[in-house]
Structures are given as C-alpha cells and as structure tokens.
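> Structural data only, the sequence is not supplied:
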C-alpha cells in the first residue's frame, strides 16, 4: 500500500499485521479504481480470442465469459469482505481456516501461481517485441516457416532484455517501479482505448453470423476458462486492498465494487476479442501462440511502435512486482536466503518455465489453459474452504488471535481444512485434462479414456468439482459433525500484555533480510 508524502513515495509499514482502526480510511468505491486499472489491458482481448478458440462462436464466447467472470469475481468480492473485518491480507486471514503452519500449503501454491504468471508475462513480452522486429526488419528477422511462434533469434533477444531488466529492478530498484506503475497502468489503458478505435473499422461484421455453434462441453469449458483467467487468479488478493477500509464497511459494497471493477474492463475487451476471433479465424489461430503479436499486426506502423513498447513495459512492470512479492513469499515459507538470493532463484525458475513455453510447448494456449486449471483447483478449493468458514469466524467476532501461532489464540494446523483441501485437490487434478502432453501426465488420472473425452474431461469442470467438494467436506466436518477445532488461547499471564505487532514478525524478518 502506497502513501504519497509530498514529493516522496513511502511504502506502508503494515505487513501481515492487522491494520488498526486509526489507519482505516476510504470508501468501497476506491476498490473500483484499483481493480479497473489492473484489468485494462490488451490481454483482455486475448482472453476473448482464447475462449472462442475452444470452438465457440462469438455469442457463446461472450455469454460463457460473462458467466465465468461474474461467478469468479463474486468469490473474490466475498473473500474481500474479510479485509475490513479483520484488517488482514487474504493469505494471513486464511490462517483462521488452516492454522499458521497449515496455511503454508496454500501459500506455496499461491507462490507457484505468481511464478507461472510471471513466466506468461515475460514470454508474452518476448513474443510481442519479436513481432515488432519482424514487422520493422522482415529480412533480418524473418518468420521461420517451421516455427509457428515467430523468429527464434528475435524472441531470445527480447526475452533476455525483459529478463535482465526485470531482475535488476526487482533486486535493487523496486521503489522505481512503485513510482511508475500507476502511470504505466493508465498509459496502457489509454493506448488500449486507441487500439480499440483503430481496430473496430477493420472488423468484417458480415462474417459474425457465419460461425458454427459450439458444443455444450465447449461452452462449459469457456465458462471454466473465463473463471480461471480472471477471478480465480485474484482469490489471494481479495482482502489485500479492502483491509484498509473501515471495519463496519457494508459487505455488499465491498463485493459490488470489487466485482464491477474487475468485470467492466475485461467484459468490454472480451466482446471485442470474441468478435475479432470469429470474423478472422486466421488471426485467432496465430493468437493461440502469440496473442499480442497477432493483434498488433492489425495496427498501422505509426501506432504499432509506441503501443508495443508500452505493452512490453507494462508486462515487465507487472513481472517485477510479482517477482518481488514471490521473493518475499519464499522467505515467509522459511527459505533461508536473502531477498536478493530468492529473487535470483525465482529468475532461474522463470527462465526454465519461459523456455518451455516459448520453445518446447506446441501451443501457448494449451499450456496456459492447463496451468490455469491446475492452479485454480488448489486456489479455488482454498477459497471455498475460507468462505465456508466465514460464519464460524463471524460468530467468533473476526478475532485476529485466530491467525496467531498455537497457544497464542490460534493453531498450528486445522486438520478439517487441510483434509478437505487435500481431498478436493486430488479430485480436481484427477478430473481436469490437458492437451499439453507433459502436463497431461499429472492430470485426468481419475478419468477413463471415454470420460476424458466427454464433457467432464474436455471442459475442465473438475475445477468446479474440486471447489464444491472442498466446501461440502469442510461443511460436514465443521457444521454437521461440529468439529470446530478452536484456537488455543495464550496463558493468562501472557494474555495480559498482548503484542499487537506479533503477526507482523514474519514480515519484519523478511524485510530485514
């Protein structure tokens, strides 16, 4: 959280500790601006193309996207309510359900999710920059006829540039990106609006009704893909911004402004992407491997150059923030190295992941979709358990002692939540499928060959099955069987002088590393 002190940029001192009432401020409307600025990006158009790529026509893709966006962002909004009630960030608030040590399992998967998105962002930055070089100097950087992803040399060049810049800024210059990120976000939004104005006249609206209607399983797959692309990816961030709102902020306002802030920009871009993909199938095929490069190929040269540069910078900025946070997450998980060393470790992992995505994977879309499904099984199940636990937490007065260690008001682990999460993840991974041959080895193991080709397998409805299983199993343990596993309070002598900064200790040690 940033505060503006005249000409200086200051970093908020709050970490995983509860935000005290004296520092609470603002109204829920402020959540709209935060989420809106995060989601105004040309990538939103690519999402529409991806959903059409499942075999849907424009109208089916738009409806599937709207349903997926609405359902998943509603979950983000509900989780965000925990922010003002407790003053805690989401991944600390989940200690209420999983316990301090048990919470490390979902936190680890959030780290994997963040790392995967950084791989995606840097890979897209590389292919976008490579497309620009091919457009400007086609003889020096020709498209390889045997490589549907573009010129390999150009991709490697841009990836190295993006990687080096990201690493340097993440290690020594994070304050710089904090100063520039809002400007980059709004400039990207402005450039995206100009992009839309330039693209709309190129659409052949007469072809819109010629596309064939997709199957029901493809439609369900579109809903699930929309959920995993947008809302489910934000489940670990829901309360991070809302925690600064006053404690009594109405839940419906928190949910409403969160949902609207996310869905408005992505829905507008979804419609455009679905229309473009339906009326230009050739572009849609290219976009399955290089979504941004395919879209920018429609632009005049005078706008292509600045637009591509801004897009690449925005992706690097997002990668820097995520990489910095991922380093802190590793430290919070107990990795015994400095933040800089953890950042280098992350870069090695990102390089390996991006190399696979750029040069090994046969389809960017197939690998991306598989990654989203696997991550969403875990994060969706985690969110389902946390939301199911909200009535218990409310009954206990949203007591932040529940996030403390065992013997200080909380617990090391709550087996009811962990068993529910483990079972749901097993079921979810066993019922989702992947067209990426390598990722497919760890998915779909509960499905027969015929089931894998049916609606259950092809739609990745296993993500939803996992979420329902997690909520159902945890509800049975907690509300039917009455196994609540209350926190273990501190001894009376110790409780007489509580330490309000106890929850921040992990963050303080991280920042000092």
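Perfect, I can see it now. Keep in mind the model is a prediction, meaning the values are calculated, not measured.

> now what about stretch 450-464, what contacts it?
The contact list for stretch 450-464, computed with C-beta atoms under 8 Å, 6 or more residues apart in numbering, reads 216-218, 220-221, 224-225, 227-228, 232, 369, 373, 376-377, 380, 427-433, 444, 447. C-beta coordinates here come from the backbone N, C-alpha and C atoms, glycine included.

> For ChimeraX, what selects the buried ones among these?
With 16 or more other C-beta atoms under 10 Å as the criterion, this ChimeraX line picks the buried residues out of the contacts of stretch 450-464:
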select :217,218,220,221,224,225,227,228,232,369,373,376,377,380,427,428,429,430,431,432,433,444,447
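
> residue ranges for the helices of the stretch 301-450 of the chain, please.
All helices of the stretch 301-450 of the chain, identified by DSSP state H, counting those that start in this stretch, fall at 301-332, 339-355, 364-395, 415-431, 449-452.

> Now for residue 361, how many residues are close by?
21 (other C-beta atoms under 10 Å).

> residues contacting it?
Contact analysis of residue 361 by C-beta under 8 Å, 6+ apart lists 367, 436.

> repeat that with 10 Å
For residue 361, the residues meeting the contact criterion (C-beta atoms under 10 Å, 6 or more residues apart in numbering) are 123, 149, 289, 355, 367, 368, 370, 436, 437, 438, 439.

> who wins for neighbours among the residues you listed?
When the contacts of residue 361 are compared by neighbour count (other C-beta under 10 Å), residue 123 ends up highest, at 28 neighbours.

> shouldn't that one be in contact with residue 357?
Yes. With contact defined as C-beta atoms under 10 Å, residue 123 counts as touching residue 357 (4.7 Å).

> State the number of residues packed around residue 311.
25.

> these two touch, right, it and residue 192?
Yes. If you go by C-beta under 10 Å, residue 311 and residue 192 touch, sitting 8.9 Å apart.

> overlap in contacts of those two?
Jointly contacting residue 311 and residue 192 under the rule C-beta under 10 Å, 6+ apart are 41, 42, 43.

> Just give the nearest non-adjacent residue to the first one, would you?
Right, the one you point to is residue 41. In this structure, residue 41 finds its nearest non-sequential neighbour in residue 188, 6.0 Å apart by C-beta to C-beta, 6 or more residues apart in numbering.

> what about that neighbour, which SS state?
Of the three states, residue 188 takes helix according to DSSP: H, G, I helix; E, B strand; the rest coil.

> contacting residues around it?
Counting by C-beta under 10 Å, 6+ apart, residue 188 has contacts 37, 40-43, 307, 310-311, 313-315, 317-318.

> Save these as a markdown table, and put in pLDDT and distance to residue 61 too.
Shown next, in a markdown table, are the contacts of residue 188 (pLDDT from 0 to 100; distance: C-beta to C-beta, whole Å):
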| residue | pLDDT | distance to residue 61 |
| --- | --- | --- |
| 37 | 74 | 25 |
| 40 | 78 | 20 |
| 41 | 77 | 18 |
| 42 | 81 | 17 |
| 43 | 83 | 16 |
| 307 | 88 | 25 |
| 310 | 83 | 27 |
| 311 | 83 | 23 |
| 313 | 81 | 29 |
| 314 | 79 | 25 |
| 315 | 82 | 24 |
| 317 | 75 | 29 |
| 318 | 73 | 25 |
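
> Show me which pair in these is furthest apart.
Greatest spatial distance in those: 37 and 307, 18.0 Å, computed using C-beta to C-beta.

> which residues in the protein form strands?
2-5, 8-11 (DSSP state E).

> avg pLDDT for the first one?
The average pLDDT within strand 2-5 is 42.

> And the last one, by the same measure?
Per-region confidence: strand 8-11 scores 46 on mean pLDDT.

> where are the low-confidence patches of the stretch 301-450 of the chain?
Along the stretch 301-450 of the chain, segments meeting pLDDT under 70 span 321-322, 324-329, 331-332, 334, 339.

> Recalculate using a threshold of 90.
Within the stretch 301-450 of the chain, the segments meeting pLDDT under 90 span 301, 304, 307-370, 372, 403-410, 434-441, 449-450.

> What of the stretch 151-300 of the chain?
Along the stretch 151-300 of the chain, the model assigns pLDDT under 90 to residues 151-156, 158-196, 199-217, 230-231, 233-244, 277, 279-300.

> Let's see that with 50 instead.
174 (pLDDT under 50).

> And the helices in it, which stretches?
152-172, 174-199, 216-229, 238-242, 251-279, 281-287, 291-296.

> Which of those has the highest mean neighbour count?
Comparing those by mean neighbour count (mean count of other C-beta atoms under 10 Å), helix 238-242 ranks first with a mean of 26.

> Which other helices and strands does that helix contact?
Judged by 3 or more C-beta pairs under 10 Å, 6 or more residues apart in numbering; DSSP states H and E, the packing partners of helix 238-242 are helix 29-39, helix 58-80, helix 82-86, helix 90-93, helix 251-279, helix 364-395.
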